[in-house]
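Q: Below are the sequence and a predicted model for it; my questions follow.
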Amino acid sequence: MDIGILGAGAMGQLFGARLQLAGNTVAFIDAAPATNAALNHGGITLTTGGRRKHTAVRTGAAADFDEPFDLIIVFTKGFHTAAALESVRHLTGPRTHGLTLQNGLGNGEVLAGHFGPDRTWVGVTGFPAGLERPGVLPTSADGKVRLGPFRAGPRPFARQLADLLSAAGLNADVPPDIQAAIWEKAAFNAALNSISAVTGQTVGAIGASSQGRELVRSILGETAA
């Protein structure tokens, strides 16, 4: 496929590099000139289980590209999604599909407004990606991707997307209800990431504290409600 990675942070670099190493044509689209310069100069190096793989990449601002993509995968922060998609309107043709694996809720609705609900795919990923510097990422082979259609119902293209990602070592599957997976991760992030950020404690330290566990239960209850 001809794939655009919208947002060349750690996750965008990880997914884009693996997809390119698997034989796809990939372009990285980012608004940060420093990131684009670093990736164009040095490419991307992935370290997984002590093994290193490197690929040269093509990256730039949205205005630097002019041909529609088959697939655009969105990896911006959620609050940048709408503006980022507007910047690639000229790269979205009548058969372009959009996939979001972003954290949070509501990203699918934004993509559906851009690509159309029948060409919008949503999901979550558990892959870790630590960014040592732009283009240099330690990661793992043990992550997973779960994805499905924005609009519920059997859609064969979801399976094609999962196969595309799995062929790149991204271990993708299509669960019966992708919204359950999205809410599950939102609950996890709300309960643990936020407390960790506010307190400066690790997840393990939060779990070892009776007050920490009670706060987690409270946030999970709020998410469920």
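A: Okay, I see it. Residues are numbered from 1 along each chain as shown.
Q: Please enumerate the helices of the chain.
A: 10-21, 33-42, 81-87, 107-115, 156-167, 178-188, 194-199, 203-207, 210-224 (DSSP state H).
Q: Which of the ones you listed has the highest mean neighbour count?
A: Per residue and on average, the most neighbours among the helices of the chain fall to helix 10-21, with a mean of 24 (mean count of other CB atoms under 10 Å). Bear in mind the C-beta positions are built from the backbone N, C-alpha and C, glycine included.
Q: and for that one, what are the contacting residues?
A: With contact meaning CB atoms under 8 Å, 6 or more residues apart in numbering, helix 10-21 is reached by 3, 5-6, 8, 26, 28, 30, 39, 44, 46, 53, 55, 57, 73, 75, 101, 125, 127, 129-131, 134-135, 137, 139, 164-165, 168-170.
Q: let's see 6 Å
A: 3, 5, 26, 28, 44, 46, 55, 75, 129, 131, 137, 139, 168-170 (CB atoms under 6 Å, 6 or more residues apart in numbering).
Q: Likewise for stretch 142-153?
A: Here stretch 142-153 makes contact (CB under 6 Å, 6+ apart) with 108, 112, 117, 120-127, 155, 158, 165, 170-175, 178, 181.
Q: Which among those count as buried?
A: Buried by 16 or more other CB atoms under 10 Å: 108, 112, 120-125, 127, 155, 158, 165, 170-174, 178, 181, out of the contacts of stretch 142-153.
Q: pLDDT value on the residue nearest to residue 104 when sequence neighbours are not counted, please?
A: Spatial nearest neighbour of residue 104, excluding adjacent residues (CB to CB, 6 or more residues apart in numbering): residue 78 at 4.3 Å. On pLDDT, residue 78 comes in at 94.
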